[in-house]
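Novice: The sequence and its predicted three-dimensional model are supplied below.
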Amino acid sequence: MIRFDKLKIVTDINHISNIDEKAFTAQSIGGLLLYHKYSIDKPYQLCIIANYQHSELSIEFTGKILRDEYINLINQTNIKKCFEEINRLGICTLAINDIIQKSEVVKCDVTKDVCYSELDNLVSYIKQNLSNYKKWIPKEKQNGIVLENSADTPRHRKRLTIYNKEHELGLSGNKEFLGLLSDQKALLDYFKGKIRFELNINTKVQIRALLEVQNNTLEDILASTANPLATVLNEAVRGIEKTPCVKNVSNYLRYLLLKDCNFNMIEVEAKIRSLSSKNTAISRAMQPYRQLLNDLNRSAYPDVKLQELISMV
């Protein structure tokens, strides 16, 4: 079942009523009311815009609106609860069944949390094995990595973030969210050792393509059986069976020489001698190769295979 950490839906303006004028801001021109807007970033993100010019209601919210059920993210079985939580705020009344049956998804973040303890190695692997270094741009972020393609138009842009979810929940910005929970420990325990894969999809065309649906209705999106995370990972990262996550250029070059010599230190020494001057201290020159081979044998640089990664997401 596909899961989301964020959804933005658009529906008919008649599906909202009882708007609290004190909670919403109003925008008017010449006495004509254009829209009502309610927006918060904490303890979760929620934005509601009743646009009277276009007779349109947009609602954008994150999975944290589910409180203790956040571990399940937004999915087909709990979508109704998301709207019930909004109604519980007392700022407006949403016609929940109508919204579920008669709305479109215009943006979404497809998300999965995976138990995986070697995030640093995974980041190193991805950076070393991009399928196209001109097309895919890796950007390191605190406790993770962001992969973006260099497409010219929004309909072709993709953005995949992989990060330590346990660490992110411990940041000060989540203090208010954690304060909503009836059992903080249970939620924090669930996210221990988990990393998050999050794919931002920001156009209707991309949503249909990546989720393999014919239209953007909320019901069809939630019922999708596609795996867009695996699709993008396959597109962005090459699958190499045995490539250690060597973490600097010098060691990578040493690794290539070790590999060329079948990891046989006698062959490595012969190669070093043949390429060195008579004054080179061979024993000293061999030391970094011995150290690297020892590290490899101790799995200091464990293999991270793309197919294994995809099976997790």
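Specialist: Perfect, I can see it now.

Novice: Which residue is the nearest non-sequential neighbour of Thr203?
Specialist: Spatially, and ignoring its direct neighbours in sequence, Thr203 is nearest to Arg155 (4.9 Å; Cβ to Cβ, 6 or more residues apart in numbering). Any C-beta I mention is one placed from the backbone N, CA and C, and that applies to glycine too.

Novice: which residues touch that neighbour?
Specialist: By Cβ atoms under 8 Å, 6 or more residues apart in numbering, the contact set of Arg155 is 203, 205-206.

Novice: Show me just the buried residues among the residues you listed.
Specialist: 203, 206 (16 or more other Cβ atoms under 10 Å).

Novice: Just put the contacts of Arg155 in CSV and tack on distance to Gly144, secondary structure and pLDDT.
Specialist: Shown next, in CSV, are those (distance: Cβ to Cβ, whole Å; DSSP: H, G, I helix; E, B strand; the rest coil; pLDDT from 0 to 100):
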residue, distance to Gly144, secondary structure, pLDDT
Thr203, 24, coil, 95
Val205, 27, helix, 95
Gln206, 22, helix, 96
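
Novice: Kindly reformat the contacts of Arg155 as CSV containing distance to Tyr35.
Specialist: Below are those laid out as CSV (distance: Cβ to Cβ, whole Å):
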residue, distance to Tyr35
Thr203, 22
Val205, 26
Gln206, 26
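
Novice: From the contacts of Arg155, pick the one nearest Asn129.
Specialist: Using Cβ to Cβ, Gln206 is the member of the contacts of Arg155 that lies nearest Asn129, at 24.2 Å.

Novice: Rounded mean pLDDT for the host helix or strand of Asn97, please.
Specialist: Using DSSP states H and E, Asn97 falls within helix 96-101. Mean pLDDT, computed over helix 96-101, is 98.

Novice: other SSEs contacting it?
Specialist: Counting contacts by 3 or more Cβ pairs under 8 Å, 6 or more residues apart in numbering; DSSP states H and E, helix 96-101 is packed against strand 4-12, helix 79-88, helix 218-223.

Novice: Which residues in it does the neighbour count mark as buried?
Specialist: Quick answer for helix 96-101 (16+ other Cβ under 10 Å): 96, 99-100.

Novice: Stretch 181-200 too?
Specialist: In stretch 181-200, counting by 16+ other Cβ under 10 Å, buried: 181, 187, 191, 194-200.

Novice: who's in contact with it?
Specialist: Contacts to stretch 181-200, defined as Cβ under 8 Å, 6+ apart, come from residues 5, 67-68, 70-71, 107, 109-117, 119, 122, 144, 158-166, 168-169, 178, 210, 228-229, 232, 313.

Novice: Between the two ends of it, how far is it?
Specialist: Chord length of stretch 181-200, first to last residue, is 26 Å (Cα to Cα, to the nearest Å).

Novice: For Cys13, give me its contacts.
Specialist: For the record, residue 13 is Ile, not Cys. Here Ile13 is in contact with 50-52, 55-57 (Cβ under 8 Å, 6+ apart).

Novice: With Met286 instead?
Specialist: Residues in contact with Met286 (Cβ under 8 Å, 6+ apart) are 265, 268-269, 272.

Novice: Next: Asn51.
Specialist: 13, 34-35, 57-58.

Novice: State the distance from it to Ile2.
Specialist: Distance, Asn51 to Ile2, by Cβ to Cβ, to the nearest Å: 28 Å.

Novice: again, but for Cys115
Specialist: According to Cβ to Cβ, Cys115 and Ile2 sit 19 Å apart.

Novice: for Leu210, same thing?
Specialist: Applying Cβ to Cβ to Leu210 and Ile2 gives a distance of 10 Å.

Novice: hey, what's in contact with both of the two?
Specialist: Listed as contacting both Leu210 and Ile2 by Cβ under 8 Å, 6+ apart are 110, 226.
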